[in-house]
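Visitor: Provided below are the primary sequence and the corresponding predicted coordinates.
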Amino acid sequence: MPSTPVKTTTDETILLELVDEQGVTIGTEEKLTAHQAPGLLHRAFSVFLFDNRGRLLLQQRALGKYHSPGVWSNTCCGHPYPGESPFAAAARRTFEELGVSPALLAEAGTVRYNHPDPASGLVEQEFNHLFVGLVGGRPDPDPEEVGDIAFVTPEELEKRHDADPFSAWFMTVLDAARPAIRELTGPSIGW
């Protein structure tokens, strides 16, 4: 594995780390190719940030995104560059997408899943590193990445999830992160 993260091979090609079932890097592949059916198992991350009232920051993905546009999802998700740690990638992308750095960011385990997106035909075949933390300021979303944001309680999330489209991976990563979320927010909040 290179000692320095490798962002691209050209200005347009973004590489992802391919991994085996244990999360060990086995190569790289272009981002869109890795997501085409049946999907190649690759490294990803998901971030869940909360405000001081224990509300989860959700984002609605921008309509211009090639994958899952316009759906609601967790605070931030993405892929580390080859050689970049998932923690560094999570902090970097949170700032790039939402214009805010986490005040606290802690590892919350990993989850492996395979979620086809019926709308696009793309597949999320991911070994996902989970992170939970606190919002470090007022979000200022990049409109190219984020269509809208909302801070929600568990009850508000349940209502929104019933009424609005969410990413195919959302419930999988939320359920996997719940033990760390409860530790962060406390049991009285209800996560």
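Guide: That came in fine, so what should we check first?
Visitor: Mind checking what secondary structure the residue nearest the centre of the chain has?
Guide: The centroid of the chain falls nearest to Cys77 when counting by C-alpha atoms, centre = their mean (1.6 Å). Classification of Cys77 using DSSP: H, G, I helix; E, B strand; the rest coil returns strand.
Visitor: number of nearby residues for the residue nearest to it when sequence neighbours are not counted?
Guide: Once flanking residues are discounted, Cys77 sits nearest to Ser46: 4.5 Å by C-beta to C-beta, 6 or more residues apart in numbering. In short, each C-beta sits where N, CA and C put it, glycine included. Counted with other C-beta atoms under 10 Å, residues neighbouring Ser46 total 29.
Visitor: Remind me what the top strand by length along the chain packs against, helices and strands.
Guide: Of all segments of type strand in the chain, defined using DSSP state E, the longest is strand 102-116. On a contact count with 3 or more C-beta pairs under 8 Å, 6 or more residues apart in numbering; DSSP states H and E, strand 102-116 meets strand 42-50, helix 86-98, strand 123-135, helix 170-185.
Visitor: 6 Å instead, please
Guide: If contacts are counted by 3 or more C-beta pairs under 6 Å, 6 or more residues apart in numbering; DSSP states H and E, strand 102-116 sits against strand 123-135, helix 170-185.
Visitor: Pull out the buried residues from the last one.
Guide: What it means is helix 170-185. 170, 172-174, 176-177, 180-181, 184-185 (16 or more other C-beta atoms under 10 Å).
Visitor: Also stretch 104-112?
Guide: Neighbour-count burial for stretch 104-112 [16+ other C-beta under 10 Å]: 105, 108, 110-112.
Visitor: now the end-to-end length of stretch 65-76.
Guide: End-to-end distance for stretch 65-76, by C-alpha to C-alpha, to the nearest Å: 14 Å.
Visitor: Tell me how far Leu130 lies from Thr33.
Guide: 25 Å (C-beta to C-beta, to the nearest Å).
Visitor: And the two? Which one has more around it.
Guide: More crowded of Leu130 and Thr33, by other C-beta under 10 Å: Leu130, with 27 against 12.
Visitor: Look up the residues forming beta bridges with the more buried one.
Guide: Applying DSSP bridges to Leu130 gives these bridge partners: Ser46.
Visitor: What ranges in the chain fall below the confidence cut-off?
Guide: 1-12 (pLDDT under 70).
Visitor: how about the buried residues of stretch 104-112 in CSV, adding distance to Glu155?
Guide: Converted to CSV, the buried residues of stretch 104-112 look like this (distance: C-beta to C-beta, whole Å):
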residue, distance to Glu155
Leu105, 26
Ala108, 22
Thr110, 28
Val111, 24
Arg112, 30
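Visitor: out of these, who's nearest Pro165?
Guide: Checking these against Pro165 by C-beta to C-beta gives Val111 as the nearest, at 21.2 Å.
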